[in-house]
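# from the sequence below, what's the structure:
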Amino acid sequence: MHQSNSTPSTRTFKNFIDGRDAAAETEQTFVSINPTTGINWGTFVDSSAREVDLAVQAAHRAFSEGEWHRMSPTRRGRLLMRWGEKIAANAGTIAAIETQQNGKLLSEMHAQALAAQEWLYYFGGLADKVEGKVIPLDRTSVFNYTLNEPLGVVAVIVPWNSPTFITMMAACPALAAGNTIVIKPSEVTSASAFELARLATEAGIPPGVVNVVTGLRETGEALVDHPLVRKINFTGSDTGGRAIASRAGKRLVDSVLELGGKSANIVFEDADLDRAEAGVLSGIFAAAGQTCVAGSRVFVQASIYDQLVERIVGRARRLVVGDPMSIHSQMGPVATRAQLEKNESMVARAVREGGEILVGGGRLAHAEFPGGFFFNPTVLHNCSPENFLSQNEVFGPVLTLTPFRDEDEVVALANGTPFGLAAGIWTRGLRRAHTVARRLHAGTVWINTYRALAFNSPFGGYKDSGIGRQNGFDAVRQYLQTKSVWCELSDEIQDPFVLKT
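The predicted model follows:
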């Protein structure tokens, strides 16, 4: 991603503020590159602090003065549902935009765009389920109750790997609680956010409730630092999460952080190997490893290690890597040139530290797309627990395979990184499955499946993988603040300075 002026070959996008396209005051722009072709795809505003302020001010007005502020929770929820219907009707357009920007398979991007409707239906239904409670005090003459009220403006900072899906996971609970939002999409995949915002307006959501500002790091910092932003939802690297939490903490503002992972996929000797093989492959190669829950470390019980390794390596060799818009492709490019170079450097370092490449290991020279950012599906073994690749997130199609002897050893290996986002267990043993699941330090554990998410099931990480939870009613609570109201019902005057006789 780099600074650029618009060219005839690129589309030009403006910010979306207060229900309409907003002309930028800055002349600074950046371009988005199609990772399949390596060609510039679109030009976007590199928003200054002034543009960020305009968006936050619009969101604040909508929250404190506008129709959204006066709207009943039931009506608010219905509008969210209508927004979901609009997104579903335009899922093909949204998916095509995202595939052209991040290189993930069109089929996956389409499925994620369709899923937005399910999230908006669920959280739209929760909008009028936010309730307070009556506190039974010892003083029976006092009526004490609580109100759960929205915070105000929420900043939603979104990564490039699943833009619409991750935006919905953050925006839905915040809006259902009555807040307004400013979305700052990744500079890699900014365009689909504008489609979402325009569809929100078409659905009847009032101006200023959903705003979009694009830009690079300084834009995000201006948004995090803005005094009217009362909560930040960030999905991205642990390094980025630490920086955001530190900046927000200086203003005593809280954050929801969904950060990196180095997830373990554990295959026991009693597993159904056909299912385990499919789960391992989908856990790392289905999205070219460009997912925070990528099952990038696979631990296989020693008795079946050679057998499963042969299966995985054989399948990795046969994967069809190509145009993500084609139904025949099984994996597309990685999203950016920087990510391509990171994949190369991390694999090279792993080999220097003792790892051995079984398949792949470098760039793929694609005949049809010589400028594309293609990386071969890669499998390594003999990577020690201390190997840099064993400890750090790649965010690419790079898998390590490691044998283990028993439950104690594999639990120690699986828990032996700073991350704790997700894990997978493959076994037919009921006791083993649930015992190991309890011992793993991960926010999500899948048993005989992988990469499954639902709008009503909480999702988030342990340790360096984040703070807070997406999805479910717990997510709505994160965007509320509690007010305690006391009312004296008796006629007695409570005056401590009157002497009693």
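
# please parse this protein into its domains.
Following automatic domain parsing, one finds the domains of the chain at 48-259+465-484, 264-447.

# please produce JSON lines containing those, extended by distance to Glu25 and mean neighbour count.
Yep, even glycine has a C-beta here, placed from its N, CA and C like the rest. Converted to JSON lines, the domains of the chain look like this (distance: least, CB to CB, whole Å; neighbours: other CB atoms under 10 Å):
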{"stretch": "domain 48-259+465-484", "distance to Glu25": "6", "mean neighbour count": "21"}
{"stretch": "domain 264-447", "distance to Glu25": "28", "mean neighbour count": "19"}
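
# in JSON lines, list the ones you listed along with distance to Phe455 and mean pLDDT.
Converted to JSON lines, the domains of the chain look like this (distance: least, CB to CB, whole Å; pLDDT from 0 to 100):
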{"stretch": "domain 48-259+465-484", "distance to Phe455": "4", "mean pLDDT": "97"}
{"stretch": "domain 264-447", "distance to Phe455": "14", "mean pLDDT": "97"}
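
# can I get these in a markdown table with distance to Ala24?
Listed next are these as a markdown table, based on distance: least, CB to CB, whole Å:
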| stretch | distance to Ala24 |
| --- | --- |
| domain 48-259+465-484 | 6 |
| domain 264-447 | 24 |
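
# figure out which of these is closest to Gly38.
For Gly38, the closest of the domains of the chain is domain 264-447, at 2.9 Å, according to CB to CB.

# residue contacts, the closest residue in space to Pro185 that isn't next to it in sequence?
Nearest residue to Pro185 in three dimensions, chain neighbours excluded: Ala193, at 4.2 Å (CB to CB, 6 or more residues apart in numbering). Counting by CB atoms under 8 Å, 6 or more residues apart in numbering, Ala193 touches Phe16, Val158, Pro163, Thr167, Ile183, Pro185, Val212, Thr214.

# mind listing which of those are in helices?
Judged by DSSP state H, helices contain the following of the contacts of Ala193: Pro163, Thr167.

# and of the contacts of Ala193, the nearest to Gln100?
When the contacts of Ala193 are compared for distance to Gln100 (CB to CB), Pro163 wins out at 11.9 Å.

# wait, doesn't that closest one sit right on Glu187?
No: counting by CB atoms under 8 Å, Pro163 stays clear of Glu187, with 11.4 Å between them.

# turn the contacts of Ala193 into CSV, including distance to Lys86.
Output for these, formatted as CSV (distance: CB to CB, whole Å):
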residue, distance to Lys86
Phe16, 15
Val158, 19
Pro163, 17
Thr167, 14
Ile183, 16
Pro185, 18
Val212, 16
Thr214, 22
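
# pick the one among the contacts of Ala193 closest to Phe473.
Distance ranking of the contacts of Ala193 against Phe473, using CB to CB, places Thr167 first at 19.7 Å.

# by contact count, what packs against the helix ranked longest in the chain?
As assigned by DSSP H, the longest helix anywhere in the chain is helix 106-126. In terms of contacts (3 or more CB pairs under 8 Å, 6 or more residues apart in numbering; DSSP states H and E), helix 106-126 is packed against helix 73-89, helix 91-102, helix 163-176, helix 472-477.

# repeat that for 10 Å
helix 73-89, helix 91-102, helix 163-176, helix 191-202, helix 472-477 (3 or more CB pairs under 10 Å, 6 or more residues apart in numbering; DSSP states H and E).

# next structured bit after it?
Per DSSP states H and E, the first helix or strand lying C-terminal to helix 106-126 is strand 134-135.

# centre of the chain to that following strand, how far?
In terms of CA atoms, centre = their mean, to the nearest Å, the centre of strand 134-135 is found 36 Å from the chain centre.

# and the helices in the stretch 401-501 of the chain?
Applying DSSP state H, counting those that start in this stretch to the stretch 401-501 of the chain gives helices spanning 407-414, 430-439, 472-477.

# picking up where we left off before, now do the longest helix of the chain against helix 91-102, angle only.
120 degrees (axes from the mean of the first three to the mean of the last three CA atoms, to 10 degrees).

# returning to that earlier point: which one of the domains of the chain lies closest to Asn34?
domain 48-259+465-484 (5.2 Å).

# next one: the closest one to chain centre, how far?
Here the centre of domain 48-259+465-484 is set off from its chain's centre by 12 Å, with CA atoms, centre = their mean.

# same check on stretch 386-399?
Per CA atoms, centre = their mean, the displacement of stretch 386-399 from the mean C-alpha position of its chain is 19 Å.

# shouldn't Asn34 be in contact with Phe373?
Yes: judged on CB atoms under 10 Å, Asn34 makes contact with Phe373 at a distance of 9.5 Å.

# mutual contacts of these two, please.
In terms of CB atoms under 10 Å, 6 or more residues apart in numbering, Asn34 and Phe373 are both contacted by the residues Gly103, Pro333.

# show me what contacts Cys383?
By CB under 10 Å, 6+ apart, the neighbours of Cys383 are 297, 350-351, 353-356, 389-391, 400-402.

# now it, nearest residue through space, not along the chain?
Gly355 (4.1 Å).

# what about the one you found, distance to Met346?
Applying CB to CB, to the nearest Å, the value for Gly355 to Met346 is 10 Å.

# so which residue is smack in the middle of the chain?
Centroid check for the chain by CA atoms, centre = their mean gives Ile166 as the closest residue, at 4.2 Å.
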